[in-house]
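Visitor: 3D, please:
(one chain, ligands or ions: 1)
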Amino acid sequence: MKKKVMVIFGTRPEATKMGPIVQELRKHPDWFDTRVVVTGQHREQLDQALAAFDIRPDLDLQLMKESQTLAYITSAAVTGLDRYVAEEKPDLILVHGDTQTAVCGGLVAFFHHIPLGHVEAGLRSHKKYSPWPEEINRRLVDVLTDLLFAPTALSKEKLLREGYPAEQIYVTGQTAIDAALLTNRPDYVFRNERLRELTERPGRLVAMTAHRKENYGEPMKQMFRAIRRLADDHPDLTVVYPVHLSPAVQETAYSLLSGHDRIHLLEPIDYPDMINLLSRSHLILSDSGGLQEEATVFRKPLVLMRDTTERPEAVTAGAVYLAGTEEEAVYEAASSLLRDEERYSRMASAVNPFGDGQASERIVAIVAQALGLRQELPGEFRAE
Ligand code: UD1
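Guide: Numbers count the residues shown, from 1 in each chain. So this is what the prediction gives:
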C-alpha cells in the first residue's frame, strides 16, 4: 500500500536542499503519495527556489510578515501545520536543518505520533547563541526525530556522543551537493541580466552573501567595511552581492556598500543563478551555512565571516577559512588569498567532505525501508 510522506519547509535554503528529495520521492509514485507543505516563512526567496525544482506545494501557509519575530513564526507555523497534519494524517514527516519551520514541523509530528525524519541532523557549533537561534533549533529537532539523516561521519559521531542510538542514524551525504551538481552547467545562461554581464567581465569575480541574525548591526558593518577596502585595494575585482531581503540586512548593505563602481548589490537571485555564480567565482565571502558546502563542491576558497561553524569538515579539509567578523580579520583573510597564489591553490585543492550527489537517493531508500516498502538499506556515504 502507498505511504503518505509529508515534506515540510519554509525558507529558501530548505527548499533547495529538500528539492532533490521531493524529486526523488516523486520518482516512486507506486510507493509514495508525496505532499509538500510550505509555511511561507520566506516569500520571494522561497518562491524562486520552488520554481527551480519545479515544486508546487500542496499547502502554503503564507506566513511571512515584514520584520517577523521568532515568536510569531513559531506560533503561526505550529497552528497552521497542526491543522493540516491532523486532516492528512501522513505516515511520515520530513523536515530539514535548523529553521523555525523545521522545529514547528517536528513538534507537530510529535503531537500526532507521526514518525519524523530530520535531513541534515547532527550539525553542532556547541555555542548556544551562535548561530542564533539555529544551534538550539537543530538540537530541538533531533530530540523529536526517529530517522536521523546525518550528512557526514562527523555529524553521526556528534549524535552518538549525545546518546542517540546508532540504529537511528544514517550517513547520507549532503543533499545540497546533489542540488548543486544538478544545477551547475558550463553552458548556463544567467537569468539575471546584470549577472550575465558581470560574470563576463575580465578580472576576478568575488561572490558574497551575508544574512545571519547574530551578525546584524556592528559585526555586519565591520564585514562590509572590510569588503569595501578589499575592492579599493584590488582593482581587478568585481564583487557581486545578492542582498537578503531582511530589512536589517538591506539597510546596512546599502548604506555601507552602495556607490562603489566594482561592488554590485543585486536583488536576491534565483538558485540556479546563485550556483552558477559560485562555480564561476574566484573567491567567496559569506556568513552562510549552506554556501560552505556549495563552495567546497566547486573547490572555491571561502572566507567565512562568523565566529563558529557547525560544518568544521570544510575548515579541517582546508577549503573554508573561519575569519570571524572583525574588519581587520576579514580583510586580511581575503586579501592574502588574493595576493598569495600558493595559499589560494592549497585551499582550492582541498577535498569535498560533504557529499557525492547521491544523498537524496539514500534518504528516500531509507524512508522506504522504514515504511516497509523495501527490505534493504543503502550503503552509507563516505568522503573521498
Ligand atoms: C532564516 C533561517 C536561517 C536561514 C535563512 C536563510 C530561522 C530562525 N532562520 O533566517 O536559518 O539561514 O532563513 O535565508 O528560521 N524576507 C523577505 N522576503 C523573503 C525572505 C525574507 O522579505 O523572501 C525578510 C522578511 O522581512 C523577514 C526577514 O527577511 O522578516 C527575516 O526572515 P526570517 O525567516 O525571519 O529569518 P532569516 O534571517 O531569513
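Visitor: Helices of the stretch 101-250 of the chain, residue ranges please.
Guide: Secondary structure of the stretch 101-250 of the chain by DSSP state H, counting those that start in this stretch: the helices cover 134-144, 153-161, 175-183, 193-199, 218-233, 247-257.
Visitor: I'd like to know how far the residue nearest in space to the middle of the chain sits from Glu310.
Guide: The centroid of the chain falls nearest to Gly290 when counting by Cα atoms, centre = their mean (3.4 Å). Counting by Cβ to Cβ, to the nearest Å, the separation of Gly290 from Glu310 is 11 Å. The C-beta positions use only the backbone N, C-alpha and C, and glycine is treated the same way.
Visitor: For the ligand, give me its nearest residue in the stretch 51-200 of the chain.
Guide: Using Cβ to the nearest ligand atom, the single residue of the stretch 51-200 of the chain nearest to the ligand is Thr99, 3.2 Å away.
Visitor: Test my guess that that residue contacts Leu46.
Guide: No - in this structure, Thr99 is not within contact of Leu46 by Cβ atoms under 8 Å, at 11.1 Å.
Visitor: shared neighbours, those two?
Guide: Counting by Cβ atoms under 8 Å, 6 or more residues apart in numbering, the residues touching both Thr99 and Leu46 are 10-11.
Visitor: Let me see the contact set for Pro45.
Guide: Just so we're on the same page, residue 45 is Gln rather than Pro. 11-12, 244-245, 268.
Visitor: near the ligand at all, the helix or strand it falls within?
Guide: Using DSSP states H and E, Gln45 falls within helix 44-52. Yes - residues of helix 44-52 contacting the ligand under Cβ under 6 Å from any ligand atom: 44-46.
Visitor: repeat for stretch 311-325
Guide: No - using Cβ under 6 Å from any ligand atom, we find that stretch 311-325 stays clear of the ligand, coming within 12.7 Å at best.
Visitor: List phi and psi for His96.
Guide: With angles defined as degrees, to the nearest 10, His96 sits at phi -130, psi 130.
Visitor: So what's the residue count around it?
Guide: 28 (other Cβ atoms under 10 Å).
Visitor: Now do the contacts for it.
Guide: Counted by Cβ under 8 Å, 6+ apart, His96 has contacts 9, 14, 17-18, 102, 118-120.
Visitor: Can you lay out the residues you listed as JSON lines showing neighbour count?
Guide: JSON lines is the format used below for the contacts of His96 (neighbours: other Cβ atoms under 10 Å):
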{"residue": "Phe9", "neighbour count": "33"}
{"residue": "Glu14", "neighbour count": "29"}
{"residue": "Lys17", "neighbour count": "27"}
{"residue": "Met18", "neighbour count": "29"}
{"residue": "Ala102", "neighbour count": "30"}
{"residue": "His118", "neighbour count": "28"}
{"residue": "Val119", "neighbour count": "28"}
{"residue": "Glu120", "neighbour count": "30"}
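Visitor: want to try a markdown table for these, with distance to the ligand and pLDDT as columns?
Guide: Converted to a markdown table, the contacts of His96 look like this (distance: Cβ to the nearest ligand atom, whole Å; pLDDT from 0 to 100):
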| residue | distance to the ligand | pLDDT |
| --- | --- | --- |
| Phe9 | 10 | 98 |
| Glu14 | 8 | 97 |
| Lys17 | 11 | 98 |
| Met18 | 13 | 98 |
| Ala102 | 8 | 98 |
| His118 | 15 | 99 |
| Val119 | 14 | 98 |
| Glu120 | 11 | 98 |
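Visitor: Just the buried residues of the helix holding Gln45, please?
Guide: In terms of neighbour count (16 or more other Cβ atoms under 10 Å), helix 44-52 has its buried residues at 45-50, 52.
Visitor: picking that back up, what's the distance between the residue of the stretch 51-200 of the chain closest to the ligand and Glu120?
Guide: Thr99 is 11 Å from Glu120, by Cβ to Cβ.
Visitor: With Ile269 instead?
Guide: On the measure of Cβ to Cβ, Ile269 and Glu120 end up 23 Å apart.
Visitor: What of Arg382?
Guide: Counting by Cβ to Cβ - Arg382 and Glu120 are separated by 18 Å.
Visitor: just His244 next, same as before
Guide: His244 is 20 Å from Glu120, by Cβ to Cβ.
Visitor: cool, and Ala350?
Guide: Computed as Cβ to Cβ, the Ala350 to Glu120 distance reads 21 Å.
Visitor: for Thr252, same thing?
Guide: 28 Å.
Visitor: same check, this time on Ala226
Guide: Counting by Cβ to Cβ - Ala226 and Glu120 are separated by 30 Å.
Visitor: do Arg161 as well
Guide: In terms of Cβ to Cβ, Arg161 sits 18 Å off from Glu120.
Visitor: cool, Leu92 as well?
Guide: Leu92 is 17 Å from Glu120, by Cβ to Cβ.
Visitor: how far away is the closest residue in space to Lys27 that isn't next to it in sequence from Val171?
Guide: Take Lys27 and drop its neighbours on the chain: the residue closest to it by Cβ to Cβ, 6 or more residues apart in numbering is Val364, 8.0 Å away. Counting by Cβ to Cβ, the separation of Val364 from Val171 is 15 Å.
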